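1. Task: produce atomic coordinates for the following.
(one chain, ligands or ions: 1)
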Amino acid sequence: MNHLKKYRTLFVVTIGFMLSVGLCLSVLYVYHTDATTGVIYEVEPNNSSEEATTNMVYEGFNQYGTFYGDDMVDYWKLNIERATKINIFLDQIPKESNYNLYLYPEHSDTFIWKSEEEENAYELGTGIDVQAGVYDIVVVFEEGESVKQNYLLRYRDVEKVVWPVPDSTVISDYFLSRGGAHQGVDISWAGTFPLVQADLSGCMNAPCRSGNDIVSAFSGTVSNMYQNDTSGSVVEIESSIQGDTLLASYHHVFRSHVAIGDVVHAGDRIAVMGNTGHTIGMTGVHLHMELRKNGVLIDPLTYISPPTDD
Ligand SMILES: [Zn+2]
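-> Presented below is the predicted three-dimensional model:
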């Protein structure tokens, strides 16, 4: 019996210790900040606009919130740096429940946008016009099963523009070079030497090699994908930025990660750089990017610019 008691005490102490560690870790998790991406998780409670933290920053998405059993309203802050359009998502909510979102300018009693009833399955709002400033996002539990529930709130700035090769800023050729014949901008690979893929066909004057990841410069829809001897594998993405239709095409890609019809957001990985088609030199791994604004070919560098170290 003494032995049993001893073991039971040891067991209780061990479990107690594990629970304490777990609790500390969850507190750390709640306060976790990712400095590189600007993603900051919710700090509970935020039952009022005053309690909500102004940490849904410009780059932020994938913000996690928790509804507790009797928690019917949750507040978030959204800091918009410039006039743009945003999409707002709400996800990971029980199917039978009804949550709605309201978007208020800070210190205002009048919301500028409200999600549609019973539409809260995935993407709630698309193309919502916002001016620069701080907004309150209010998530209201309307009806359904009131249980402790983690949900996901995120937003995307759909007019955001990003440099298409995060790991390389090397511009190897410019728009209208080669006596006006060059219809885009070339960004060459950087970093480790590209992988040789001798079994892949489609590279006209060198073995096929892969390079850096290519991300979409704009939010939009994959409108076409094709392959030819000159451009190799090409991904085309159509976007709408400040009322203009932009058609961006990414050439010579080694491998694409999208399909026609896919909706992509600026910064989403769409392909891997390559040297498919006709490229110059023995390696030739680069991104050739073209941009058409309302059907007219323009210099992509009027929209995109390499990130600077500051
Ligand atoms: Zn080129």
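
2. The residue in the chain that the ion sits nearest to and Ile304: what is the separation?
-> Taking C-beta to the ion as the measure, the chain has His288 as its residue closest to the ion, at 3.3 Å. The way it works is simple: take the backbone N, C-alpha and C, and place the C-beta from them, glycine included. Taken as C-beta to C-beta, to the nearest Å, the spacing of His288 relative to Ile304 amounts to 14 Å.

3. try Ser233
-> Ser233 sits 21 Å away from Ile304, taking C-beta to C-beta as the criterion.

4. neighbour count winner among His288 and Ile304?
-> In this comparison of His288 against Ile304, neighbours counted by other C-beta atoms under 10 Å, the higher total goes to His288 at 25 against 20.

5. Which SSE is immediately downstream of the helix or strand containing the more buried one?
-> Under DSSP states H and E, the secondary-structure element containing His288 is strand 286-293. Counting by DSSP H and E, the element after strand 286-293 in chain order, helix or strand, is strand 296-298.

6. for that next one, packing partners?
-> Under the contact criterion of 3 or more C-beta pairs under 8 Å, 6 or more residues apart in numbering; DSSP states H and E, strand 296-298 touches strand 286-293.

7. sorry, back to before: just the buried residues of the strand holding His288, please?
-> His286, Leu287, His288, Met289, Glu290, Leu291, Arg292, Lys293 (16 or more other C-beta atoms under 10 Å).

8. quick one, what contacts the residue of the chain closest to the ion?
-> By C-beta atoms under 8 Å, 6 or more residues apart in numbering, His288 lies in contact with Gly184, Val185, Asp186, Ser231, Tyr250, His251, His252.

9. ok, now which ones touch Asp167?
-> Taking C-beta under 8 Å, 6+ apart, we find Asp167 in contact with Ala190, Gly191, Asn212, Asp213.

10. again, only this time at 10 Å
-> The contact partners of Asp167, taken as C-beta atoms under 10 Å, 6 or more residues apart in numbering, are Trp189, Ala190, Gly191, Thr192, Gly211, Asn212, Asp213, Ile214, Val215, Met273.

11. Domain-wise, how is the protein divided?
-> The chain breaks down into these structural domains: 1-30, 36-157, 171-302 (assignment by automatic domain parsing).

12. what's the burial count for the closest residue to Asn205 other than its chain neighbours?
-> Beyond its immediate neighbours in the sequence, the residue positioned closest to Asn205 (C-beta to C-beta, 6 or more residues apart in numbering) is His278, lying 6.3 Å away. Taking other C-beta under 10 Å as the criterion, the count of residues near His278 is 16.

13. And for Glu81?
-> For Glu81, the number of neighbouring residues by other C-beta under 10 Å comes to 12.

14. What parts of the stretch 51-200 of the chain come near the ion?
-> Residues of the stretch 51-200 of the chain lying near the ion by C-beta under 5 Å from the ion: Asp186.

15. what about the helices in the stretch 51-200 of the chain?
-> With DSSP state H, counting those that start in this stretch as the definition, the stretch 51-200 of the chain shows helices at residue ranges 177-180.

16. all strands for it, in order.
-> Assigned by DSSP state E, counting those that start in this stretch, the stretch 51-200 of the chain shows strands spanning 63-67, 73-80, 84-91, 98-105, 113-114, 123-130, 133-143, 149-157, 171-173, 185-188.

17. Let me know which of those is the nearest to Gln227.
-> Nearest to Gln227 among the strands of the stretch 51-200 of the chain is strand 185-188 (19.0 Å), distances taken as C-beta to C-beta.

18. Direction included, what does the helix or strand following the closest one pair up with?
-> As assigned by DSSP H and E, the chain's next helix or strand after strand 185-188 is strand 210-215. Strand 210-215 has its sheet partners listed here by DSSP bridges as strand 269-274 (antiparallel).

19. Would you mind checking the average pLDDT for the strand it pairs with?
-> Along strand 269-274, the predicted local confidence has a mean pLDDT of 95.

20. If I take it and strand 286-293, what angle do their directions form?
-> Here strand 269-274 runs at an angle of 130 degrees relative to strand 286-293 (axes from the mean of the first three to the mean of the last three C-alpha atoms, to 10 degrees).
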